[in-house]
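Enquirer: take a look and give me a structure for this.
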Amino acid sequence: MKYISTRAAAADAAPRGFSDILLEGLAPDGGLYLPTHYPVIGRATLAQWRALPYPELAFEILSRFIDDIPAHDLREITRRTYTREVFGTDAIVPLKTLEPGLHLEALSNGPTLAFKDMAMQLLGNLFEYELGRRGETLNILGATSGDTGSAAEYAMRGKKGVNVFMLSPLGRMSPFQQAQMFSLQDPNIHNIAIQGVFDDCQDIVKAVSNDLAFKRQHKIGTVNSINWARLLAQVVYYFAGYFQATTSDDEQVSFAVPSGNFGNICAGHVARMMGLPIKHLVLATNENRVLDEFFRTGTYRPRASAETFETSSPSMDISKASNFERFVFDLLGRDGTATRDLFKTQLEQQGHFTVTPEQFARIAGYGFQSGFSTHAERLATIRDTWTRFGTMIDTHTADGLKVAAEYQEPGVPMIVLETALPVKFADTIVEALGRQPERPAALEGIEQLPKRFEAMPADAERVKQFIATHA
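Expert: This is a model prediction of the structure:
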């Protein structure tokens, strides 16, 4: 399996191997890597996979995309990653039925209590393996609106040959999220709090990644969802959720996915392209409705920082969805030149683009539906889920459940992807329910721990200076 950039013209596309793009992140032309094709999984193979434990299922799916890591080594990596010790259960992503036809898939049992652990734990082991094989080091640069940062740092802390430089918007994460990251004292972990919003952090990561000389000199890599390996790891839990919600491989399901950066739901798009019987991928946003607007109108218009709302589901306070380019590349028939024109030319010069009516009409064929939730609706969903089902959910999962209810169909199970545990957003839970959410004993008092971070303005050059000094 080889990989190409979403912005590469057919004539000059130079396919790369998985291990090369694992350490690279963005392609040199500013595009994102995707496989040259999606391997299609037939019903016979689905039937065989249905009985597999999660680590074996992960190996089977990953091995369809990774052919430059020996199978024995890859299997050992997935077995070491997906364990009861790390995720608290042999099922790894157990399904909880709220009522017939409506399920929550638990993705937040990892060390940082968010779905990002599902991919990041694998990424940490893949990085350590590949860097050890090459005898190299890697300086990881990332941006987080809350959960990616802590998941990355907990996965990479103490890993040989890896330093982490994580950007986050100063004062815009929940106190618990800040404490998870800033309390880490590991010498290979560096937290940089940017005076701005998440999109400013993401812009800096892209600016540094696009400085090819600096990137090569300092061996810059990424763990953001622009890294294909991370998205690939997320494909696995779509298959696992499907197998738990169905008894036959002839059944269809729909997934409702809280979506900010489009990585989580893009993994569902990949699973569907592989042949998993997904009827609909229901995209749920908060008041920052850029993605919902596209799927309703065909216009993609990211907002400026001042127009990005600060909400009670802060991990989705994003207006520039990095992974969205991957889907548009597929929507445009994998035309790299056309994709570059939309994202590099039109978006940068005009601040928006609109797909043609013919292209917009094709979206339905990919199964996407969309909706959004407000703060008042989040509170109502949290209360309703607690009252009716005795289940406490976080604010982002509430967005997913609210939009899922708008698209439920008789006879088609709806699986809502849980994205974090409620304790990460305790203030809103108290507002909704009048009680504190439970937290794991190991995380009691985390907000009071000493914090280690560097605050700086939204300036890519300042960030590069910091990396050069501390790498």
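Enquirer: burial of the residue lying closest to G101 once chain neighbours are set aside, as a residue count?
Expert: Counting by C-beta to C-beta, 6 or more residues apart in numbering, P413 is the residue found nearest to G101 once chain neighbours are left out, at 5.4 Å. In short, each C-beta sits where N, CA and C put it, glycine included. If you count neighbours by other C-beta atoms under 10 Å, P413 ends up with 23.
Enquirer: could you do L107 as well?
Expert: For L107, using other C-beta under 10 Å, the count is 26.
Enquirer: and G196, by the same measure?
Expert: G196: 19 neighbours (other C-beta under 10 Å).
Enquirer: my read is that it contacts A304, right?
Expert: No. In this structure, G196 is not within contact of A304 by C-beta atoms under 8 Å, at 11.0 Å.
Enquirer: tell me if T311 really is in a helix.
Expert: No. Membership of T311 in a helix is not supported by DSSP: H, G, I helix; E, B strand; the rest coil, which gives coil.
Enquirer: that one and E444, how far apart?
Expert: T311 sits 27 Å away from E444, taking C-beta to C-beta, to the nearest Å as the criterion.
Enquirer: the two - which one has more neighbours?
Expert: Per other C-beta under 10 Å, whichever of T311 and E444 has more neighbours is T311, with 21 against 9.
Enquirer: what sits against the nearest residue to that one once chain neighbours are set aside?
Expert: With sequence-adjacent residues excluded and distances taken as C-beta to C-beta, 6+ apart, T311 is closest to N286, at 4.8 Å. Applying C-beta atoms under 8 Å, 6 or more residues apart in numbering to N286 gives the contacts 309, 311-313, 316-317, 372-374, 378, 396, 399.
Enquirer: residues near V40, how many?
Expert: Neighbours around V40, by other C-beta under 10 Å: 10.
Enquirer: confirm it sits in a helix?
Expert: No. Assignment of V40 by three-state DSSP gives coil, placing it outside any helix.
Enquirer: grab the nearest non-local neighbour of it.
Expert: Nearest one to V40, counting by C-beta to C-beta, 6+ apart, is G275 at 5.0 Å.
Enquirer: the stretch 251-400 of the chain: strands as residue ranges?
Expert: 253-258, 278-285, 299-300, 353-354, 368-372 (DSSP state E, counting those that start in this stretch).
Enquirer: pLDDT below threshold where in this structure?
Expert: Along the chain, the model assigns pLDDT under 70 to residues 10-13.
Enquirer: at 80 what do you get?
Expert: 10-14, 24-25, 145-147, 222-225, 305-306, 442 (pLDDT under 80).
Enquirer: helices along the stretch 51-200 of the chain, start to end?
Expert: Under the criterion DSSP state H, counting those that start in this stretch, helices of the stretch 51-200 of the chain are mapped to 54-63, 71-81, 84-87, 116-134, 147-156, 175-182, 198-210.
Enquirer: before we move on, what about the stretch 301-450 of the chain?
Expert: With helices called from DSSP H, counting those that start in this stretch, the stretch 301-450 of the chain shows them at 324-331, 336-340, 347-350, 357-362, 375-389, 395-407, 426-433.
Enquirer: got the CA coordinates for the first one in CSV?
Expert: The C-alpha atoms that make up helix 324-331 are tabulated as CSV, following Å, rounded to 0.1, in the frame of the first residue of the first chain:
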residue,chain,number,x,y,z
PHE,A,324,-12.0,17.9,5.8
GLU,A,325,-9.6,18.1,2.8
ARG,A,326,-9.4,14.3,2.8
PHE,A,327,-13.1,13.9,2.2
VAL,A,328,-13.2,16.6,-0.4
PHE,A,329,-10.3,14.9,-2.3
ASP,A,330,-12.5,11.8,-2.5
LEU,A,331,-15.6,13.9,-3.4
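Enquirer: surely T337 meets A9?
Expert: Yes. With contact defined as C-beta under 8 Å, T337 counts as touching A9 (4.9 Å).
Enquirer: quick one on the thing from earlier: would you point to the one among the helices of the stretch 301-450 of the chain that's packed deepest?
Expert: Most buried of the helices of the stretch 301-450 of the chain by mean neighbour count (mean count of other C-beta atoms under 10 Å) is helix 395-407; its value is a mean of 26.
Enquirer: for that one, packing partners?
Expert: strand 102-105, strand 253-258, strand 278-285, strand 368-372, helix 375-389, strand 414-417 (3 or more C-beta pairs under 8 Å, 6 or more residues apart in numbering; DSSP states H and E).
Enquirer: can you report how many residues lie near S259?
Expert: Neighbourhood size, S259 [other C-beta under 10 Å]: 31.
Enquirer: now the one 5 residues further on
Expert: A count of nearby residues for N264, using other C-beta under 10 Å, gives 27.
Enquirer: so what's the residue nearest to I61 when sequence neighbours are not counted up against?
Expert: For I61, ignoring the flanking residues on the chain, the nearest one in space by C-beta to C-beta, 6+ apart is V236 at 5.3 Å. The neighbours of V236, taking C-beta under 8 Å, 6+ apart as the test, are 54, 57-58, 61-62, 118.
Enquirer: from those, which is closest to M1?
Expert: Distances from M1 to the contacts of V236, taken as C-beta to C-beta, are shortest for L62 (10.4 Å).
Enquirer: enumerate every residue touching D29.
Expert: Applying C-beta under 8 Å, 6+ apart, we find D29 in contact with 5, 7-8, 340.
Enquirer: isn't there a helix covering it?
Expert: No. Looking at D29 with three-state DSSP, it is coil, so not inside a helix.
Enquirer: for it, what are phi and psi?
Expert: Per-residue torsions, D29: phi -90, psi 10 (degrees, to the nearest 10).
Enquirer: and it, how close does it get to A71?
Expert: 32 Å.
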